[in-house]
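Q: starting from these lines, generate the structure:
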Amino acid sequence: MAKILVLGGSFAGLTAALDLKRKLKDKADITVISKTKNFVFIPSLIWVPFGWRKPEDISFEIKPMLEDRGINFIHAEATKIIPEKNQVETTAGTYNYDFLLIATGPDLNFSEVEGLGPHNGYTTSICTVDHALHAGKKWDEFIKEPGPIVIGATQKASCFGAAYEYVFNIEYAARKAGIRDKVSITFVTAEPFLGNFGIGGVGNSQKMTEFFFKKLGIRGITNVAIEKITEDKIYLSNGEVLPYKYAMIIPPFLGVKAIRDSGIGNEAGFIPVDDTYKHINYDNIYAAGVAVAIKYPEPTPIPIGVPKTGYMSEVMARVAADNIASRVLETNHAKKLKFEDIAPLCVMDTGNMGVLFIASRVFKPRKYHILFPGPWSHWVKVWFEKYYLWKMRNGYSQLP
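A: Numbers count the residues shown, from 1 in each chain. Predicted coordinates:
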């Protein structure tokens, strides 16, 4: 019986584990190791600061769902991977594997900018449940004494979609709170243009984003790095200094410390893989989701990263799981899919509106791209949140 370890309990990790169990049944012993005990529908964290979602609305406990399906669950953090011994060291002990699938997600690199982040800095974040709750506390304080708002993403960041969603949602929240006329809203990004999203834009996304920024009175500053942040000011590389009373800035991502300490990732701790999502140097290690090393296809004046959304993570996980299962079953079938050939599907919420993005591949050139703006897009995201949580809570990873 093959021993398969899956590191991570989010989109990629759960999808891979469930797919592997479905394909291999009793031919493999599958264990998921995750430092978090709950699955969180991360795209909905943008609503938590405004009280439109509570953490329990967008999460569920992983262990019962997995163990009901014959998958082991270890609530622990991986601390080191030893590929020469086929071992993973964790805070709960050391585990052996025949195949390892790394789906750990990222570490948040707040140290990239002095003063960044909710822990040792001055800005808020929506990257985790705790961060979103902290952002909500700061928002409650802010609406009592409003002032300038700055939302954005730093140099080397990749999760631009969340920053855009948040700036539109905070504008909507300010209107609902009756303080919109008392606040200025500025969006700061390392992207070369608005609507780039870390993938070079989609169709007329630049013009569309610029139009909505102008319509809603949001100032956009592109192609800048953030040099430092103080208690009430953000210093930009173009020499401009932005005052603020409330700021949410997306940091760059790193590969998790276990990867960085193990020497199996690139300089940022992400896993280099081939088109089967197998490590380029280790034959029995695979990776999926944010843990995978992806480069932006062309240099930009200010360095930016490439987003790896929940949908993209699922696609990568399915390919990796299919290839591990094929090797266990000795069917000699290798499924290949380049990251850039994934057909992205994304719903960007803007408060009471939204935009649905569909494209033939992540990067240009593309055979097609479709953008559907409108209020119905908001309800598509609401519906998808409910559907996805139901799907994963019941272990139906095979569904779209």
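Q: can you pull the contacts of Arg175?
A: Contacts for Arg175 (C-beta atoms under 8 Å, 6 or more residues apart in numbering) come out as none. Glycine gets a C-beta too; all of them are placed from N, C-alpha and C.
Q: from Thr124, how far out is it?
A: Distance from Arg175 to Thr124, counting by C-beta to C-beta, to the nearest Å: 20 Å.
Q: quick one: the helices in the protein?
A: Secondary structure of the chain (DSSP state H): helices located at 11-24, 62-67, 129-144, 160-176, 205-216, 257-262, 310-329, 375-393.
Q: which one of those helices is the most hemmed in?
A: helix 11-24 (a mean of 25; mean count of other C-beta atoms under 10 Å).
Q: circling back to that earlier point, quick one: closest of the helices of the chain to Val292.
A: The minimum distance between Val292 and the helices of the chain falls on helix 310-329, with 6.3 Å, by C-beta to C-beta.
Q: tell me what that closest one is packed against?
A: Applying 3 or more C-beta pairs under 8 Å, 6 or more residues apart in numbering; DSSP states H and E, one finds that helix 310-329 contacts strand 2-7, helix 11-24, strand 99-102, strand 285-287.
Q: how about TSV for the ones you listed, with distance to Ser313 and mean pLDDT added?
A: Shown next, in TSV, are these (distance: least, C-beta to C-beta, whole Å; pLDDT from 0 to 100):
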stretch	distance to Ser313	mean pLDDT
strand 2-7	13	98
helix 11-24	4	98
strand 99-102	12	98
strand 285-287	11	98
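Q: which one of the ones you listed lies nearest to Leu389?
A: For Leu389, the closest of the helices and strands packed on helix 310-329 is helix 11-24, at 11.7 Å, according to C-beta to C-beta.
Q: between helix 375-393 and that closest one, find me the angle.
A: Put simply, helix 11-24 runs at 50 degrees to helix 375-393, going by axes from the mean of the first three to the mean of the last three C-alpha atoms, to 10 degrees.
Q: tell me the strands in the stretch 201-350 of the chain, going along the chain?
A: Per DSSP state E, counting those that start in this stretch, the stretch 201-350 of the chain carries strands over the ranges 218-221, 226-229, 233-236, 241-243, 246-250, 253-255, 285-287, 345-349.
Q: want to throw the ones you listed into TSV with mean neighbour count?
A: Converted to TSV, the strands of the stretch 201-350 of the chain look like this (neighbours: other C-beta atoms under 10 Å):
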stretch	mean neighbour count
strand 218-221	17
strand 226-229	20
strand 233-236	19
strand 241-243	15
strand 246-250	26
strand 253-255	23
strand 285-287	28
strand 345-349	22
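Q: closest one to Asn266 among these?
A: strand 253-255 (7.7 Å).
Q: by contact count, what packs against the closest one?
A: Packed against strand 253-255 by the contact rule (3+ C-beta pairs under 8 Å, 6+ apart) you find strand 106-108.
Q: hmm, Asn86 is touching Asn96, no?
A: Yes - in this structure Asn86 lies within contact range of Asn96 using C-beta atoms under 8 Å: 5.8 Å.
Q: okay, the two: which has more neighbours?
A: Using other C-beta atoms under 10 Å as the criterion, Asn86 and Asn96 rank with Asn86 on top: 18 against 12.
Q: who are the contact partners of Ile46?
A: Residues in contact with Ile46 (C-beta under 8 Å, 6+ apart) are Ile126, Ala132, Ala162, Glu165, Tyr166, Asn169, Asp349.
Q: which of these sits closest to Thr31?
A: Distance to Thr31, by C-beta to C-beta, is smallest for Ala132 among these, at 29.4 Å.
Q: please look at Leu399 and Tyr388 and confirm they touch.
A: No - taking contacts as C-beta under 8 Å, Leu399 lies outside contact range of Tyr388: 9.2 Å.
Q: picking that back up, out of the helices of the chain, which gets nearest to Leu100?
A: For the helices of the chain, proximity to Leu100 was assessed by C-beta to C-beta; helix 310-329 is nearest, at 9.3 Å.
Q: for that closest one, list the C-alpha coordinates in PDB.
A: Taking Å, rounded to 0.1, in the frame of the first residue of the first chain, the C-alpha atoms of helix 310-329 are listed here in PDB:
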ATOM      1  CA  GLY A 310      -8.500  28.800  -5.600                       C
ATOM      2  CA  TYR A 311      -9.700  27.600  -9.000                       C
ATOM      3  CA  MET A 312      -6.200  27.400 -10.500                       C
ATOM      4  CA  SER A 313      -5.100  25.600  -7.300                       C
ATOM      5  CA  GLU A 314      -7.800  23.000  -7.800                       C
ATOM      6  CA  VAL A 315      -6.800  22.400 -11.400                       C
ATOM      7  CA  MET A 316      -3.200  21.900 -10.500                       C
ATOM      8  CA  ALA A 317      -4.200  19.600  -7.700                       C
ATOM      9  CA  ARG A 318      -6.300  17.400 -10.000                       C
ATOM     10  CA  VAL A 319      -3.400  17.000 -12.400                       C
ATOM     11  CA  ALA A 320      -0.900  16.200  -9.700                       C
ATOM     12  CA  ALA A 321      -3.300  13.700  -8.000                       C
ATOM     13  CA  ASP A 322      -4.100  12.100 -11.400                       C
ATOM     14  CA  ASN A 323      -0.300  11.600 -12.000                       C
ATOM     15  CA  ILE A 324       0.400  10.200  -8.500                       C
ATOM     16  CA  ALA A 325      -2.600   7.800  -8.900                       C
ATOM     17  CA  SER A 326      -1.400   6.700 -12.300                       C
ATOM     18  CA  ARG A 327       2.000   5.800 -10.800                       C
ATOM     19  CA  VAL A 328       0.600   3.900  -7.900                       C
ATOM     20  CA  LEU A 329      -1.700   2.000 -10.300                       C
END
